[in-house]
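S.K.: Sequence and computational prediction follow.
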Amino acid sequence: MRAKIKQADLGSTQLSWLCVQPMLISVRGKDVAAKTEMYRQLNEGQQALFLFYSYHNHTKSLAEFYWFSAYNIIEMKSWSGIKNGMFYFNQDEMAALLNEIERVITEKNRVGEEWQEFSPTDLEQDPHLFQLIEDLFIRYRAKAQEVIARMNEKIQQNQEMYVEIKEE
């Protein structure tokens, strides 16, 4: 399953998103089983894009960044997949940053073997957590732009794995 794009889109700064957008949109609002089934139909590179963008597209604000990080770590159990995707695209620095995010979330929300409930309002109630998450958020947003550029390059070099050029 490959995304259909225009020839001109191969040079787009949004190329990596365009490669996975149809798949993510097709499962938006559906249950985990439907999302998992879609994920399993993708090749390794597409899976990396799928998990990255399912997370990245929900990190526009500090509160979203915190909540979706915790959600992917605690509820979805997709965090290791997101990190593995960074290794697939040779983005070790981003994987290390994701490890830092995981450490902060785990220290805040895990007591023994149990996970505490988490909420975007945790940031308002815990100034120390707010400072840690804000620093990670700033670093993440800057690094994400580099990661996207590198993913775009890899896709351009391996187009047959990701896209099908549609006739205009």
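M.R.: Arrived safely. Residues are numbered from 1 along each chain as shown.
S.K.: Tell me which other helices or strands the helix or strand where Glu160 lies touches.
M.R.: If you go by DSSP states H and E, Glu160 is part of helix 159-162. In terms of contacts (3 or more Cβ pairs under 8 Å, 6 or more residues apart in numbering; DSSP states H and E), helix 159-162 is packed against helix 44-56. Yep, even glycine has a C-beta here, placed from its N, CA and C like the rest.
S.K.: buried ones in the helix or strand that the helix holding Glu160 is followed by?
M.R.: Toward the C-terminal end, the helix or strand that comes next after helix 159-162 (DSSP H and E) is strand 163-165. In terms of neighbour count (16 or more other Cβ atoms under 10 Å), strand 163-165 has its buried residues at Val163.
S.K.: What is strand 163-165 packed up against?
M.R.: strand 3-5.
S.K.: and the strand it packs on, which residues are buried?
M.R.: Ala3, Ile5.
S.K.: Could you tell me the angle between the helix or strand following that strand and helix 44-56?
M.R.: For strand 3-5, the following helix or strand on the C-terminal side (DSSP H and E) is helix 15-27. Between helix 15-27 and helix 44-56, the angle comes out at 80 degrees (axes from the mean of the first three to the mean of the last three Cα atoms, to 10 degrees).
S.K.: Please export the C-alpha coordinates of helix 15-27 as PDB.
M.R.: Coordinates of each C-alpha in helix 15-27 appear next as PDB, following Å, rounded to 0.1, in the frame of the first residue of the first chain:
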ATOM      1  CA  LEU A  15       6.600  14.500   1.600                       C
ATOM      2  CA  SER A  16       6.900  12.200   4.600                       C
ATOM      3  CA  TRP A  17       3.400  13.300   5.800                       C
ATOM      4  CA  LEU A  18       1.900  12.800   2.300                       C
ATOM      5  CA  CYS A  19       3.300   9.200   2.300                       C
ATOM      6  CA  VAL A  20       1.200   8.300   5.300                       C
ATOM      7  CA  GLN A  21      -1.600  10.800   5.400                       C
ATOM      8  CA  PRO A  22      -4.200   8.500   3.500                       C
ATOM      9  CA  MET A  23      -3.500   5.700   5.900                       C
ATOM     10  CA  LEU A  24      -3.900   7.800   9.100                       C
ATOM     11  CA  ILE A  25      -7.000   9.600   7.800                       C
ATOM     12  CA  SER A  26      -8.600   6.200   6.900                       C
ATOM     13  CA  VAL A  27      -8.400   5.100  10.600                       C
END
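S.K.: Thanks a lot, catch you later.
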